[in-house]
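>>> Sharing a model prediction with you, sequence too.
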Protein chains: 2
Amino acid sequence: MKITDMGDRILAGDRRALARAITLVESGRADHREQATELLEYLRPCGRQGLRIGLSGTPGVGKSTFIESFGMMLTALGLRVAVLAVDPSSARSGGSILGDKTRMDRLSRDPMAFIRPSPSQSHLGGVARRTREAVALCEASGFDIILIETVGVGQSETVVAEMSDLFILLMAPAGGDELQGVKRGIMEIADIILVNKADGDLKPVATRTQADYAGALRLLRKRPQDPEGFPKAMCVSALEENGLQTAWDEMQTLSGWRRDQGFFDQRRADQARYWFEEEVRQTLLAQLTAPGPLRDKMQALGTEVAAGETTPSLAAQEMLKTLGLSHG
Amino acid sequence: MKITDMGDRILAGDRRALARAITLVESGRADHREQATELLEYLRPCGRQGLRIGLSGTPGVGKSTFIESFGMMLTALGLRVAVLAVDPSSARSGGSILGDKTRMDRLSRDPMAFIRPSPSQSHLGGVARRTREAVALCEASGFDIILIETVGVGQSETVVAEMSDLFILLMAPAGGDELQGVKRGIMEIADIILVNKADGDLKPVATRTQADYAGALRLLRKRPQDPEGFPKAMCVSALEENGLQTAWDEMQTLSGWRRDQGFFDQRRADQARYWFEEEVRQTLLAQLTAPGPLRDKMQALGTEVAAGETTPSLAAQEMLKTLGLSHG
């Protein structure tokens, strides 16, 4: 298919063209990369924007149930919902890729929804670029909401936050001690903390947990991009479909305020610049590790350095000369 | 001075030549870098090794008092002691650079000791390379012990651990709650935790703190490079000079065992390779931020991307073409 044809079909909302285009951006082949770049540039002027919602939650918090319930609520409101995933571990634990769709049984059969599992790449940088470009494709295809989920292993929350307009942290009800386990970094990027499973026997624990998180959030310094009362912690029950509408109202309040204040566009602009720079940096560094004479030389010099036959500094000078650079 | 003359004087233990050489490796000038590289290569075949002890402790734990007491004990044993510092903040809080020497009054006047403040660079990568090269110069100059201290801000402990044979964490006596504040990462790189100020009223608290850390260390998975009983937590009093000999005995036991098992040499080999690779990577990336046409182009493209006039992918492709690279 010609790239312009593929682009036109995506703009017309064709699902199969969208799925093929995502496969194209996920490819590691050089000619596919050229085509992907051409396609993204072709779609850029359409200017369609969805709301990009990043969602992180460790296994066991009920993330799939939440996405299913929340997604179904959004489609019932007439919104088109795409679900993408950033899961750097998916290359290894292959089972979870297929799992996504089967665990979101209703949503995956909803014609207003589109679910795409994480690209099977073991390298987080690769997953990041592919997911970010899939987000752009879904927006061009007319989706109103792009949910980008991650399991929150290592740096993946930061990566998802860097491509989202809002970042939601889904948590399970927990005792006071377990609160300590939340990484400080993630508290600082969260816009809304949702304590899930606020149902049945867990309801009182969920309420206490929500109060604890609310207290912890108040201790953080206020960010300019937040209106009064944000970031906030709330209770939801994905199982009983309670609190989802309120959560959605809060997300709209927050994103609306940020749009009015200019923070929404500013964040997107900063993110686009960041991803451009990151792509240049990663490609520069990839020279050293991609199979070929540079990697071989890098390894040979590394072995000499390790054996004490040369100094790190002299070896670096030689390697940099090969790369056409002088030693700074 | 000719580089070979400077090298010969360092090998002969000349302090002024050592100090000048450290100034040379700390310089940012390209011709100085060439000379520094030549000097390090000239000194490499001498093969002299000191024991590199990394030491981290936040302000208030009594780090200067500890270095002074511990250093004086080592020089009394006939060992030559060099003290270097990695302090990425020193460029800003200029006062602390001079502070080092005045706070270590006795040690700085000891002819067996050499104290060098942190190079005044705001960039941690720059401080790291300069300190690592200063370590090599001190070893060539015949120092038996190289103490590399850091305040433990941000990533600086990891940087120091990457250039040390042993990593010591100095802690203050503290209540149970404060134990939570220790970063998990640093527990995992510590070989010995010394709870300082085990004197006077604080002695019982120090003993409890030591027991708490010992318990926490037992929860960590055993590392192959540790003999039975390591990593361990101990009490010391730098003020009363108590426990310092025992701490030194433990350091010798640990480093001796690692030497016998081959872990000592393996770690040095891995570290040398790491620093070679890091230097190549940092110089590659520095092209994008050093003043010049590449930085200008990077900024211009970044502005276009931020304004939505091009995609991150297309802009990266153009930038990479300028760098003579194809888009991976």
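Good, I have the coordinates. Remember, it's a predicted structure, so these values are computed and weren't measured experimentally.
>>> Was I right to think residue A:129 contacts residue A:280?
No. Look at residue A:129 against residue A:280 with CB atoms under 8 Å: they stay out of range, at 11.8 Å. Every C-beta, even on glycine, is put in place using the N, C-alpha and C of the backbone.
>>> List the residues that contact the residue sitting nearest the centre point of chain A.
Central residue of chain A (CA atoms, centre = their mean): residue A:160, 2.7 Å from the mean position. With contact set as CB atoms under 8 Å, 6 or more residues apart in numbering or on different chains, residue A:160 has these partners: A:54-56, A:86, A:148-150, A:167.
>>> Which members of these are positioned in strands?
A:54-56, A:86, A:148-150, A:167 (DSSP state E).
>>> pLDDT averaged over stretch A:10-19 - what is it?
On average, the pLDDT along stretch A:10-19 is 96.
>>> Buried residues in whichever strand or helix holds residue A:305, which are they?
If you go by DSSP states H and E, residue A:305 is part of helix A:293-306. Residues of helix A:293-306 classed as buried: A:294, A:297-298, A:301-302, A:304-306 (neighbour count, 16 or more other CB atoms under 10 Å in any protein chain shown).
>>> so residue A:65 touches residue A:237, yeah?
No. If you go by CB under 8 Å, residue A:65 and residue A:237 don't touch, sitting 9.5 Å apart.
>>> hey, what's in contact with both of these two?
With CB under 8 Å, 6+ apart, residue A:65 and residue A:237 have common neighbours residue A:196.
>>> Compare neighbour counts for these two and give me the winner.
Neighbour count, other CB atoms under 10 Å in any protein chain shown: between residue A:65 and residue A:237, residue A:237 has more, with 22 against 17.
>>> Identify the residues contacting the longest helix seen in chain A?
Ordering each helix of chain A by length in residues (DSSP state H) puts helix A:263-286 first. With contacts defined as CB under 8 Å, 6+ apart, helix A:263-286 is touched by A:125, A:128-129, A:132, A:162-163, A:165, A:224-225, A:255, A:258-259, B:281, B:284-285, B:287-288, B:298, B:301-303, B:305-308, B:312-313, B:315-316, B:319-320, B:323, B:325, B:327-328.
>>> one more time with 6 Å, if that's ok
Residues external to helix A:263-286 that are found in contact with it (CB atoms under 6 Å, 6 or more residues apart in numbering or on different chains): A:125, A:132, A:162, A:225, A:258, B:281, B:284-285, B:302, B:305-306, B:312, B:315-316, B:319-320, B:328.
>>> Quick one, which of those are buried?
A:125, A:132, A:162, A:225, A:258, B:281, B:284, B:302, B:305-306, B:312, B:315-316, B:319-320.
>>> Torsion angles phi and psi at the residue nearest to the centre of chain A?
Backbone torsions of residue A:160, given as degrees, to the nearest 10, read phi -70, psi -40.
>>> my read: residue A:237 touches residue A:198, true?
Yes. Proximity of residue A:237 to residue A:198 meets the contact threshold set by CB atoms under 6 Å, at 4.9 Å.
>>> need the next SSE after the helix or strand bottoming out on mean pLDDT in chain A, C-terminal direction.
Ranked by mean pLDDT, DSSP states H and E, the weakest helix or strand in chain A is helix A:95-103, scoring a mean of 50. Scanning forward in sequence from helix A:95-103 by DSSP H and E, the next helix or strand is helix A:105-108.
>>> Give me the contact list for that next one.
Residues outside helix A:105-108 that contact it (CB under 6 Å, 6+ apart) are A:68, A:71-72, A:101, A:113, A:115.
>>> Rebuild those as a markdown table, extending it with secondary structure and neighbour count.
A markdown table is the format used below for the contacts of helix A:105-108 (DSSP: H, G, I helix; E, B strand; the rest coil; neighbours: other CB atoms under 10 Å in any protein chain shown):
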| residue | secondary structure | neighbour count |
| --- | --- | --- |
| A:68 | helix | 23 |
| A:71 | helix | 25 |
| A:72 | helix | 19 |
| A:101 | helix | 16 |
| A:113 | strand | 24 |
| A:115 | strand | 20 |
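>>> Name the nearest of those residues relative to chain B.
Closest approach between these and chain B, by CB to the nearest CB: residue A:115, at 24.0 Å.
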